[in-house]
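Just need the structure, nothing else, for what follows:
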Amino acid sequence: MKKGIVFGITALMFAACHTPKWSVVWEDNFDGNELDTTVWSRTYRGRADWQNTQSLRPDLLEIHDGILILKGVVNPNPVKPEDLVDGQITLEADTAHYLTAGIQSYGKHAFTPTGKIEVRARLNGARGGWPAIWLMPFDRQNAWPKGGEIDMMERLNYDDFVYQTVHTHYSFDLGHDKEPPHYGTQKINPDDFNIYGVEFHADSLVFSVNGNRTFAYPRVKDKEVEALGQYPFIKDWFMLIDNQLGGKWVGPVSPEDLPVNMEIDWVRQYKKKHEVFGGFHLKVK
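Numbers count the residues shown, from 1 in each chain. Down below sits the predicted model:
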């Protein structure tokens, strides 16, 4: 047998015996009837578009048959700001015309920058609907966007595709959003569950939908570029999953499309697992 043939066979067998697989190291399948508060907190109200309809109302979040349901509804009794007691929004008195629910793992569960993170979700459409699954730095010392942001999924209205994006000081503040491109889009099945993922590598973030690679954001190998915060992704992250309504990007809400639910089946983090199935030697004469 020729050496080249033996080498080829050996290489093929080595590749077959060392196939990397993903092994789950953490997951939340939303079993039971209540949110695991050791991992998640409800998303609070804020002024930014992504959180200006978030509410802590208990009826906006439910768990049924292993599915987390985040609701978006019309507020039946919005109050005027001047009618708030001490200017404070409460569960009974809210100025927002629409109310939504979200969860976050800030201060509780950190997602390490190794392996892969996936979320299986169904995004029911609505005009003005803006569901999102995203990651922010667990250590909040740096103001946005210097710490970075990883958007695993954002969908607008009834779109049959999603956006997957990164934000950094380099891409946002300094305007290098095309050097390299900082986002991609991917078709989804808009009427069913889809799986949204991101893999962490030393040289890139790799996004996926339903296990198919969709978009990669590379690390630029240049000291001057690195000094500008181009790749701030090797650190711990917390996750946000929120149903949201309205905003400058998504546009106005159509109340006739409400209520609208965002359904989460599970959240998982993986690491690569290498399995070796023995081996043998071929002697070359």
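
Tell me which residues touch Phe30, please.
Applying CB atoms under 8 Å, 6 or more residues apart in numbering to Phe30 gives the contacts 63, 66-68, 264-266. From N, CA and C alone the C-beta is placed, and that goes for glycine too.

between the residues you listed, which is nearest Glu199?
For the contacts of Phe30, the closest approach to Glu199 (CB to CB) belongs to Trp266, at 17.5 Å.

what lines up beside whatever helix or strand the closest one lives in in the sheet?
Trp266 is part of strand 260-274, with elements assigned from DSSP states H and E. Using DSSP bridges, strand 260-274 pairs in its sheet with strand 20-28 (antiparallel), strand 67-74 (antiparallel), strand 116-123 (antiparallel).

possible to save those as CSV with mean pLDDT, distance to Pro58 and mean neighbour count?
Converted to CSV, those look like this (pLDDT from 0 to 100; distance: least, CB to CB, whole Å; neighbours: other CB atoms under 10 Å):
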stretch, mean pLDDT, distance to Pro58, mean neighbour count
strand 20-28, 89, 19, 14
strand 67-74, 98, 11, 21
strand 116-123, 98, 21, 22
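
Go through the ones you listed and name the closest to Leu245.
strand 67-74 (5.0 Å).

Quick one: residues in contact with the closest one.
The list of residues contacting strand 67-74 from outside it, by CB under 8 Å, 6+ apart, reads 30, 35, 53, 59-63, 97-103, 126, 129, 131, 241-245, 255, 258-265.

Hmm, Phe215 and Tyr183 touching each other?
Yes. Using CB atoms under 8 Å, Tyr183 is in contact with Phe215, at 7.0 Å.

neighbour-wise, which of these two wins?
Taking neighbours as other CB atoms under 10 Å, Tyr183 and Phe215 compare with Phe215 leading, 20 against 17.

Low-confidence stretches in the stretch 101-250 of the chain?
Counting by pLDDT under 70, the stretch 101-250 of the chain contains no low-confidence segment.

what about 90?
For the stretch 101-250 of the chain, applying pLDDT under 90 flags the ranges 140-143.

sorry, back to before: looking at the contacts of Phe30, spot the one nearest Trp40.
The nearest member of the contacts of Phe30 to Trp40, counting by CB to CB, is Leu68 at 9.1 Å.

Report the beta-bridge partners for the closest one.
Ile63, Ile264.

residue boundaries of the strands in the stretch 1-150 of the chain?
Using DSSP state E, counting those that start in this stretch, the strands of the stretch 1-150 of the chain run over 20-28, 41-42, 61-64, 67-74, 98-100, 102-104, 116-123, 132-137, 149-154.

what angle separates the last one from strand 116-123?
For strand 149-154 against strand 116-123, the angle by axes from the mean of the first three to the mean of the last three CA atoms, to 10 degrees is 40 degrees.

CA atoms only for the next helix-or-strand element following strand 149-154, dumped as PDB, please.
As assigned by DSSP H and E, the chain's next helix or strand after strand 149-154 is strand 161-167. This file holds the C-alpha atoms of strand 161-167, laid out as PDB (Å, rounded to 0.1, in the frame of the first residue of the first chain):
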ATOM      1  CA  PHE A 161     -36.800  36.800   8.900                       C
ATOM      2  CA  VAL A 162     -34.800  37.900  12.000                       C
ATOM      3  CA  TYR A 163     -31.900  40.200  12.700                       C
ATOM      4  CA  GLN A 164     -28.700  39.000  14.400                       C
ATOM      5  CA  THR A 165     -26.400  41.800  15.500                       C
ATOM      6  CA  VAL A 166     -23.500  42.900  17.600                       C
ATOM      7  CA  HIS A 167     -23.000  46.400  18.900                       C
END
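
what's the offset of the very next helix or strand once past strand 161-167 from the middle of its chain?
Later in the chain than strand 161-167, the nearest helix or strand by DSSP H and E is strand 183-187. Distance, stretch centre to chain centre, for strand 183-187: 13 Å (CA atoms, centre = their mean, to the nearest Å).

Strand 183-187 packs against which elements?
Contact here means 3 or more CB pairs under 8 Å, 6 or more residues apart in numbering; DSSP states H and E; on that basis strand 183-187 packs against strand 161-167, strand 204-209, strand 212-218.

at 6 Å what do you get?
Other helices and strands packing on strand 183-187, by 3 or more CB pairs under 6 Å, 6 or more residues apart in numbering; DSSP states H and E, are strand 161-167, strand 212-218.

outside of that strand, which residues touch it?
Strand 183-187 is contacted by residues 161-165, 209, 214-215 when judged by CB atoms under 6 Å, 6 or more residues apart in numbering.
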